[in-house]
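Participant: sharing a sequence plus its predicted fold:
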Amino acid sequence: MKLGYHLGYWSSGPPAGALEAIVRAEELGFDSVWTAEGYGSDAFTPLAWWGASTSRIRLGTNIVQMSARTPTATAMTAMTLDHLSGGRFVLGLGASGPQVVEGWYGQPYARPLARTREYVDIVRKVVARERPVTHEGDFFSLPLAGGTGLGKPLKSTVHPLRSHIPIHLAAEGPKNVALAAEICDGWLPLFFSPKSDAFYRTALAEGFARRPEQAQPEHFEVAASVPVIVHDDVEHAAALIKPSLALYIGGMGAKGVNFHHDVFARMGYEEVADTVQEHYLAGRKEDAVAAIPTSLVEDTSLIGPAEKIREELSAWEETVVTTLLVRGDAATLQSVAEVLSASS
């Protein structure tokens, strides 16, 4: 199992020590580094700026929000970064949710899976650069239908370094996970648990079955964001993670339309998730955090003494996950690498 470093998206400004941590991750042999975006910093710029100080580690977005850019604009950036990094770029895409898509980008959210399918198809066409790009779909039209009539199919002036740039899809629901297996090169789960492995294997198998024989991926990646905290006190480690879980379970989406909440409900924590959401949406954030049991944290994280983490890692190694994406500063990455490498 590979290790990756996930910086996430910025809060009020650039994270302190990010460049140091990225350089250290490469020195430690981490396979990849990933950036994200919400509705503040973007994912591409930090990846290019900090990635310029590296030479080997793969550079990925986890994730770029599709509603933020047209498919051709995303493909242009992907080809540019792939050239500048010497073929190390991985394009991680995601639909986000209606609050951000409609509230921040002013774009419609309806039928996100169908929109994703068209989006990925156009990006593939641009990067392949086999012919001028055309597309007639429900969401995208190239050239634009009903415009001035002067638009014409175009082919990128830039020749891609690689005619196939890996595309990974962030997904939580079973239909979206299946879509990742059908049309992409990897899946980016946010809240994965070994207990849910069979559920996701079924969804992935459904997607793989829809691919043509010649389009089966040689290596399909599953890069899961997994908090890893090495600490002698399990409860202390869990307490560091619970506020973030409360935000996602309770506050990232409206009641009834929160995909993160649904993940934990399927995991067997439906009552807990409902309680957390009720508290959070009512402004009782401390109560929301307090409602999260440590067992929920342990199901989706690797926390506690080094020996405990090494023992629990075996369960993760038996899942579909191929890469653990960890967070933290340079010192955290060092301790995580030491613990996880000692178990291999």
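Facilitator: Nice, I can see it.

Participant: how close does R124 get to E130?
Facilitator: To E130, R124 is 10 Å away according to C-beta to C-beta, to the nearest Å. C-betas here are computed from N, CA, C, even on glycine.

Participant: looking at those two, which has the bigger crowd around it?
Facilitator: R124 (18 against 9; other C-beta atoms under 10 Å).

Participant: any idea which element the more buried one lies in?
Facilitator: Counting by DSSP states H and E, the element that carries R124 is helix 112-128.

Participant: now that helix: mean pLDDT?
Facilitator: The average pLDDT for helix 112-128 rounds to 98.

Participant: next helix or strand past that helix?
Facilitator: Following helix 112-128 in sequence, per DSSP H and E, is strand 135-136.

Participant: centre of the chain to that following strand, how far?
Facilitator: Put simply, strand 135-136 sits 27 Å off its chain's centre (C-alpha atoms, centre = their mean, to the nearest Å).

Participant: which elements pack onto that strand?
Facilitator: Judged by 3 or more C-beta pairs under 8 Å, 6 or more residues apart in numbering; DSSP states H and E, the packing partners of strand 135-136 are helix 112-128.

Participant: send me the helix it packs on as CSV with only the CA atoms.
Facilitator: Output of helix 112-128 as CSV, limited to C-alpha atoms (Å, rounded to 0.1, in the frame of the first residue of the first chain):
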residue,chain,number,x,y,z
PRO,A,112,-24.5,15.2,-11.4
LEU,A,113,-23.6,11.7,-12.6
ALA,A,114,-24.7,12.4,-16.2
ARG,A,115,-22.9,15.8,-16.1
THR,A,116,-19.8,14.0,-14.8
ARG,A,117,-19.9,11.5,-17.7
GLU,A,118,-20.0,14.3,-20.3
TYR,A,119,-17.3,16.3,-18.5
VAL,A,120,-14.8,13.4,-18.3
ASP,A,121,-15.5,12.6,-22.0
ILE,A,122,-14.7,16.1,-23.1
VAL,A,123,-11.5,16.2,-21.0
ARG,A,124,-10.4,12.9,-22.5
LYS,A,125,-11.0,14.2,-26.1
VAL,A,126,-9.0,17.4,-25.5
VAL,A,127,-6.0,15.5,-24.0
ALA,A,128,-6.0,12.8,-26.6
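
Participant: which parts of that helix are buried?
Facilitator: 112, 115-120, 122-128 (16 or more other C-beta atoms under 10 Å).

Participant: which elements pack onto whatever helix or strand E271 lives in?
Facilitator: When secondary structure is defined by DSSP H and E, E271 falls within helix 270-281. Secondary-structure packing of helix 270-281 (3+ C-beta pairs under 8 Å, 6+ apart): helix 234-246, helix 259-264, helix 285-290.

Participant: enumerate the positions of the longest one that are buried.
Facilitator: To tie it back to what came earlier, the one meant is helix 234-246. For helix 234-246, by 16+ other C-beta under 10 Å, it's 234, 237-239, 241-242, 245-246.

Participant: again, but for the second one
Facilitator: Neighbour counts over helix 259-264 (16+ other C-beta under 10 Å) mark 259-264 as buried.

Participant: which residue in those residues has the weakest pLDDT?
Facilitator: F259 (84).

Participant: surely that residue touches G97?
Facilitator: Yes - counting by C-beta atoms under 8 Å, F259 touches G97, with 6.6 Å between them.

Participant: which one is G17 nearest to, not counting chain neighbours?
Facilitator: Spatial nearest neighbour of G17, chain neighbours left out: D329 (5.1 Å); criterion: C-beta to C-beta, 6 or more residues apart in numbering.

Participant: backbone dihedrals for that neighbour, please?
Facilitator: Main-chain dihedrals, D329, degrees, to the nearest 10: phi -90, psi -180.

Participant: give me every residue that touches it.
Facilitator: 16-17, 20-21 (C-beta atoms under 8 Å, 6 or more residues apart in numbering).

Participant: just the buried members of those?
Facilitator: Here, 16+ other C-beta under 10 Å leaves A21 buried among the contacts of D329.

Participant: ok, back up a step: now, which of the buried residues of helix 112-128 sits nearest E172?
Facilitator: P112 (11.6 Å; C-beta to C-beta).

Participant: now that closest one: how far from A68?
Facilitator: As judged by C-beta to C-beta, P112 and A68 stand 14 Å apart.

Participant: returning to what we had before: tell me the one of the contacts of D329 nearest E102?
Facilitator: So of the contacts of D329, ranked by how close each gets to E102 (C-beta to C-beta), first place is A16, at 32.9 Å.
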